[in-house]
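1. Just the structure for this:
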Amino acid sequence: MARTLRLVSFSLPGTFPKELVPTPLARFVACCEPGLTKERLMECARARGWSPTWKQLPDWTREGQEAFGFAVTVDGMGVPLVAWMRRTVAVKRSPKGPECDPRQMSLF
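-> Residues are numbered from 1 along each chain as shown. I've put the predicted structure just below:
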């Protein structure tokens, strides 16, 4: 069976102050619900014109989760995020855009 990456949560690297996160990106993060696939996450960022990049952070793991560098450029500003993902068995679902998840609101 195919495995897919699904979002658990986001965090910021310790070197990037949360005060510098552009408002559109903070809203985007707040609306990304856990379970969103990597493909859908990249698609949503591209649709906003943010030129996302994706890089595995092999030394970062926690409780069955893997960390990935998810960097975007918003209004000319590069913002590094850490996307905490979990590998799951791929399930066919209809495409769905991000919805607000109150657990993500306090990140920014």
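2. quick one: low-confidence parts of this protein?
-> 1-2, 90-108 (pLDDT under 70).
3. where's the residue most central in space within it, which helix or strand?
-> With the centre of the chain defined as its mean C-alpha position, the nearest residue by CA atoms, centre = their mean is Ala83, 4.4 Å away. Counting by DSSP states H and E, the element that carries Ala83 is strand 77-89.
4. Which strands border that strand, and is each parallel or antiparallel?
-> strand 3-11 (antiparallel), strand 65-74 (antiparallel) (DSSP bridges).
5. got those as TSV, with mean neighbour count and distance to Thr23 columns?
-> In short, each C-beta sits where N, CA and C put it, glycine included. Below are these laid out as TSV (neighbours: other CB atoms under 10 Å; distance: least, CB to CB, whole Å):
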stretch	mean neighbour count	distance to Thr23
strand 3-11	17	15
strand 65-74	18	9
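6. Using TSV, please lay out those strands together with distance to Ala45.
-> Putting these into TSV (distance: least, CB to CB, whole Å) gives the following:
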stretch	distance to Ala45
strand 3-11	12
strand 65-74	5
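7. Please name whichever of those is nearest to Val21.
-> Within the strands paired with strand 77-89, the stretch nearest Val21 is strand 65-74; the backing value is 8.6 Å (CB to CB).
8. Would you mind listing the outside residues contacting the closest one?
-> By CB atoms under 8 Å, 6 or more residues apart in numbering, the residues outside strand 65-74 that reach it are 5, 8, 10, 22, 24-25, 38, 41, 45, 48, 50-57, 60-61, 78-87.
9. Before I go, just wanted to say thanks for your time.
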